[in-house]
Each structure stands twice: as C-alpha cells, then as structure tokens.
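Asker: this is the structure alone, sequence omitted:
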C-alpha cells in the first residue's frame, strides 16, 4: 500500500497542490484523473521520489520513504516501474539495450538470461523482433509499448504510468490500455495511472482520484466518482457527453476481476 | 548564485559517488575517446599554430636588442606553462564541454535522466563520474601532445623560416626550461579538466524547457567553463609558479 499524507508542492511560489492525501491499495488500479496542468504527473513523481514534497510524507508499506536518497532508496526503486509520458527511451541505445539496462546495472539476473527476458517483455507488448531497432525508428505508439516493456522487465510490484495514452489515436489507446491490463494481470502488480482520458479511467480504474484546483476533489470507485455531485468533477466527466451512463458498473468490474 | 550552489553540490556528489562500484570502465573509456581522441586534431592544430605565432612574435621583439637566441626559451616556457594548458582547455571546452552539456541537457528535458533514476541507477554515478574522470585524465595527455607540437612549430618557424641556429635554439631551450614548467602545466590542465567537466555537466543536468533550454545550457556551459578556466589559471599560476 502507498500512502500520501498531506503532500504539498510549489514551484517558484506557484502552488501546484496543497495537503493532498491519497491511499493506493495494493493490487488495485488507481487512476489519478484531472484537467491538464493540475499537477497529476508531479504527484506521480512524488510517489517514486523523482520529486520531494515541500511538506507531507510518502509511505510505502508503512515505511516513510519521503527523504530516502542514494543507496538507501535503491531497494525501494526496484519495486517500482515507471512509464513516462514521452516514453523517455535512451535514444543512444537500441531497444534491446534499453530493456536490458535495468537488469544489467542492478545485476538482477544472470547475463545469459537477459536476451530471453527482453524477448519475453517485447512479446508481452506485441513487439517481438525489434531488439536491434533504435528508438528514433519507432512510431509514438511503439515507443510507448517499449517504455512499458522497459518498466515491467524488472518485475516491479508497482507500475506508475504517466499519461500512457496521451497523443495516441483511439485504436492505439485501446491497445495500450489492453497491454496495461495484461501487464497488471501477469505481474500481479499495483498500478497507478495519471491521465485526463475519462473513458480509459472509468474502464480501467478500481479507484479514481480527481485532482483539480490544487486539491484532491474526490476519491472513490468509478461508480462513486460518477455519483459525486461536485460540480468541478461532473463538468470534467461530462465535457464530452455523459460517459458515466455507459461506464461498467461496480458489479461488472467485480465479475471481470473474478473471471481473471 | 543558484548555479554556483548546484555546481558545489554536484562536486560533493561526484566525490561521494566516485569510489563506489561498479566502476564501469567501458563508460570511462568511451568518454576518454569522446573527450580525448576526438579532440586531438583540434588541440594539435591549436598548439602548432600557437607555437609558430609565438616564434614569429618573439623573434620580432627580441631582434630589436639582439636576443634572437632566446626565442626557443620563450616559446617553450610560454607553451609549457601557459598557452598549452589554457588553449587546450578552451578547445576541449568548446568541443567536448559543449557536447556534454547538450547531451545531458537533452537527456534531462526528455526525462531520460529521470528514467535512469527510476531504474535504480544513479545518473551522477552512471553519466557524470565517467565524464569528469575522463576529462581530468585526458586533458593532460592532450596538453603533452599540444606542448610537443607547439614547441616543434616554434622550432620550425625560428630555425627553418627565420634562420636561427638550430643548436643554439635547442641549447637555450634546454638551458632555461625545467621539468617543473611542464609538470605544473600538466597540473593546471588536470584542474581545467575538472572545472570544464563539472561546469558543463552541471549546466546540462539543470537544463529545462525543451530545445531552447538545451541551447541555453550549452552556451552557458561553454561561457562559464571558459571564464572559470581563465580564473583558475590565474590562481594556479600564482600558486604554482609564485610571483
């Protein structure tokens, strides 16, 4: 379980958010939803330690990891996988080297096992055989999938996705969402997704946290969030029509979970 | 002030990470190639013409009071103590320092450095330590080559072009030039290597805001490195060579 307690952050005097509380349950998919520029990605980076809060604490399994850095943080970093908004693939390395990087540098497996693990992860994201390609030779959607493969190759317990479908066409978006669900299922991981894609959020989330105007406006299951009368939330959810009307119900969700 | 503070912090972090394993020799050798081998031609060219110009200029001056035989001494002392290390430092700043700042800056703005951090690999250890160590090690090597070619250039102009007696030129050079002149020049160049690599890496690591930010970081890296090399040169000269 990840717990954010009274997290506040400002950049150069401009408050991004203030006193954010959020609990991410183990094994769940939590979606942090909200308009652009409300600090969703900033909040995600606090979880993994890329940013430090001005005040507040971050707990992982009850342990305070807020101020850990360097070697003290490394054991915790192995538990996270992070998929960046623009993939952040190492552009001077091939796809193979991008995927092998974490394994090699952390000595997580024998060198002879790495080719098979790279192949396994590429197969998981349906991109087998592109090991020798350079990131610049891949399309945006393919880069996202390689980024996903790189995040999952170390078998993390928690996978954080920063806007995984932003800028993709609807078909690729569906494909990426399916791969995210598959990776979660196969790795039995906790998933946190930052997005402003309401439809994807309602489809994938066990829990939704709606962030707007520097505060956590609402937290709950998709059904609870849809039923929440908060005007800011309803305006955002229904900006492109009534998506809540066609959302899967909590019962559908429970059935889907049971059927896995 | 903020940049200076960040540079100080970076230097402390570098010292902290330097002795830690793994040592990544392959990364170090790759950076020695980038900083050293790839800068050799431009440093040699600079050294050659500097020695040649020095010979011309000092000949013109010394000829006025019949001291042409000291041209070799002046060329050797100037190249070994001052111009070799400083000009090599400035050329490596222009070539390799700018590359470091641009490369790290691009990695910073495209979140590649953050990605490395999320994979439990410390970017200072993986990216910066090899660059700084490689620059400290290779700049003195480049300066040895630059010194040699500079003195050779001076000799060719003085002896072959201006007609100074070869034996006299060499004897006067050996008579007045001590090994410490070269050694101190090499110490200077190692410090310049530290200065230019730390400054360039620091500006690269703090780049923000896309292509414009990377461009700004690169320019700042070259300007600040060059100025700091000159400042460090004065300080080191007063410490190493006295008044």
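Answerer: Received the coordinates, thanks. Only a predicted model underlies this, so the values are computations on that prediction, with no experimental measurement involved.

Asker: for the spatially most central residue of chain A, give the beta-bridge partners.
Answerer: When chain A is reduced to its mean C-alpha position, the closest residue under C-alpha atoms, centre = their mean turns out to be residue A:161, at 2.1 Å. Here residue A:161 shows beta-bridge partners residue A:83, residue A:193, assigned using DSSP bridges.

Asker: that one and residue B:89: what is the separation?
Answerer: Using C-beta to C-beta, to the nearest Å, residue A:161 is found at 45 Å from residue B:89. Using the backbone N, CA and C atoms, a C-beta is placed for each residue, glycine as well.

Asker: same deal with residue A:177?
Answerer: According to C-beta to C-beta, residue A:177 and residue B:89 sit 54 Å apart.

Asker: for chain A, which helix is longest?
Answerer: When chain A is scanned for its longest helix (criterion: DSSP state H), the result is helix A:170-187.

Asker: now chain B
Answerer: The helix that spans the most residues within chain B, counting by DSSP H, is helix B:210-240.

Asker: any idea of the mean pLDDT in that one?
Answerer: Averaged over helix B:210-240, pLDDT sits at 95.

Asker: tell me the secondary structure of the residue positioned nearest the centre of chain B, please.
Answerer: Residue closest to the mean C-alpha point of chain B, counted by C-alpha atoms, centre = their mean, is residue B:89 at 2.2 Å. In three-state terms, and counting by DSSP: H, G, I helix; E, B strand; the rest coil, residue B:89 is helix.

Asker: all helices of the stretch 1-150 of chain A, in order?
Answerer: Counting by DSSP state H, counting those that start in this stretch, the stretch 1-150 of chain A forms helices over residues A:40-48, A:74-77, A:95-105, A:114-124, A:140-152, given from the N-terminal end onward.

Asker: any idea of the pLDDT on residue A:240?
Answerer: For residue A:240, pLDDT reads 76.

Asker: near chain B, which residues of the stretch 51-200 of chain A are found?
Answerer: Taking C-beta under 8 Å from any C-beta of the partner chain as the contact definition, the stretch 51-200 of chain A meets chain B at A:70, A:73-74, A:77-78, A:80-82, A:84-86, A:88-91, A:101-102, A:105-106, A:150, A:154.

Asker: now the helices of the stretch 1-150 of chain A in JSON lines, with mean pLDDT and mean neighbour count?
Answerer: Shown next, in JSON lines, are those (pLDDT from 0 to 100; neighbours: other C-beta atoms under 10 Å in any protein chain shown):
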{"stretch": "helix A:40-48", "mean pLDDT": "94", "mean neighbour count": "22"}
{"stretch": "helix A:74-77", "mean pLDDT": "84", "mean neighbour count": "16"}
{"stretch": "helix A:95-105", "mean pLDDT": "95", "mean neighbour count": "21"}
{"stretch": "helix A:114-124", "mean pLDDT": "94", "mean neighbour count": "17"}
{"stretch": "helix A:140-152", "mean pLDDT": "93", "mean neighbour count": "23"}
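
Asker: contacts only, for the closest residue in space to the residue nearest to the centre of chain B that isn't next to it in sequence.
Answerer: Leaving aside its chain neighbours, residue B:89 sits nearest to residue B:192 (3.6 Å; criterion: C-beta to C-beta, 6 or more residues apart in numbering or on different chains). Under the criterion of C-beta atoms under 8 Å, 6 or more residues apart in numbering or on different chains, the neighbours of residue B:192 are B:85, B:86, B:88, B:89, B:139, B:229, B:232, B:233.

Asker: the fourth one contacts residue B:190, correct?
Answerer: No - Residue B:89 sits out of contact with residue B:190 when judged by C-beta atoms under 8 Å, with a separation of 10.1 Å.

Asker: so what's residue 64 up against?
Answerer: Going with chain A. When contacts are counted by C-beta under 8 Å, 6+ apart, residue A:64 touches A:57, A:58.

Asker: mind running it again at 7 Å?
Answerer: residue A:57 (C-beta atoms under 7 Å, 6 or more residues apart in numbering or on different chains).

Asker: just residue B:44 next, same as before
Answerer: Residue B:44 makes contact with B:145, B:146, B:149 under the criterion C-beta under 7 Å, 6+ apart.

Asker: got it, and residue B:221?
Answerer: Contacts for residue B:221 (C-beta under 7 Å, 6+ apart) come out as B:97, B:98, B:101, B:199, B:200, B:203, B:204.

Asker: hang on, the earlier thing: from the contacts of residue B:192, which is closest to chain A?
Answerer: For chain A, the nearest member of the contacts of residue B:192 is residue B:139. The distance, counting by C-beta to the nearest C-beta, is 23.7 Å.

Asker: next, count neighbours for that closest one.
Answerer: Counted by other C-beta atoms under 10 Å in any protein chain shown, the residues lying close to residue B:139 total 31.

Asker: circling back: can I get the helices of the stretch 1-150 of chain A in JSON lines including distance to residue B:117?
Answerer: Formatted as JSON lines, those follow (distance: least, C-beta to C-beta, whole Å):
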{"stretch": "helix A:40-48", "distance to residue B:117": "8"}
{"stretch": "helix A:74-77", "distance to residue B:117": "8"}
{"stretch": "helix A:95-105", "distance to residue B:117": "11"}
{"stretch": "helix A:114-124", "distance to residue B:117": "20"}
{"stretch": "helix A:140-152", "distance to residue B:117": "13"}
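
Asker: ok, back up a step: most surrounded residue in the contacts of residue B:44?
Answerer: Looking at these with neighbours defined as other C-beta under 10 Å, the largest count falls to residue B:146 at 30 neighbours.

Asker: how far away is it from residue A:139?
Answerer: From residue B:146 over to residue A:139 (counting by C-beta to C-beta), the distance is 47 Å.

Asker: contacts for the longest helix of chain A next, please.
Answerer: A:29, A:124-125, A:141, A:144-145, A:148, A:152, A:155, A:159, A:161, A:164-165, A:168, A:191, A:200, A:203-204, A:260.

Asker: and the angle for it with helix A:140-152?
Answerer: Relative orientation of helix A:170-187 with respect to helix A:140-152: 10 degrees, computed using axes from the mean of the first three to the mean of the last three C-alpha atoms, to 10 degrees.

Asker: you'd agree residue B:241 is up against residue B:183?
Answerer: No - counting by C-beta atoms under 7 Å, residue B:241 does not reach residue B:183; the two are 11.3 Å apart.

Asker: could I get the full set of helices for chain B?
Answerer: Secondary structure of chain B (DSSP H): helices at B:2-17, B:25-35, B:40-62, B:71-78, B:84-92, B:98-109, B:112-118, B:123, B:129-155, B:166-176, B:179-205, B:210-240.

Asker: per-residue pLDDT of the nearest residue to residue A:222 once chain neighbours are set aside, please?
Answerer: Taking C-beta to C-beta, 6+ apart, and ignoring the residues beside it in sequence, residue A:222 has residue A:202 as its nearest neighbour in space, at 4.9 Å. Per-residue confidence (pLDDT) for residue A:202: 91.

Asker: tell me the secondary structure at residue A:202.
Answerer: Going by three-state DSSP, the secondary structure assigned to residue A:202 is helix.

Asker: in three-state terms, label residue A:211 for me.
Answerer: With three-state DSSP as the basis, the three-state label of residue A:211 is strand.

Asker: for it, which non-adjacent residue is closest in space?
Answerer: Computed as C-beta to C-beta, 6+ apart, the closest residue to residue A:211 that is not its neighbour in sequence is residue A:34, at 3.9 Å.

Asker: so how far is chain B from the one you found?
Answerer: 20 Å (C-beta to the nearest C-beta, to the nearest Å).

Asker: ok, residue A:68 - contacts?
Answerer: For residue A:68, the contact set (C-beta under 7 Å, 6+ apart) comprises A:49, A:76.

Asker: my guess is residue B:70 contacts residue B:63. True?
Answerer: No - with contacts defined as C-beta under 7 Å, residue B:70 does not count as touching residue B:63, sitting 10.8 Å away.
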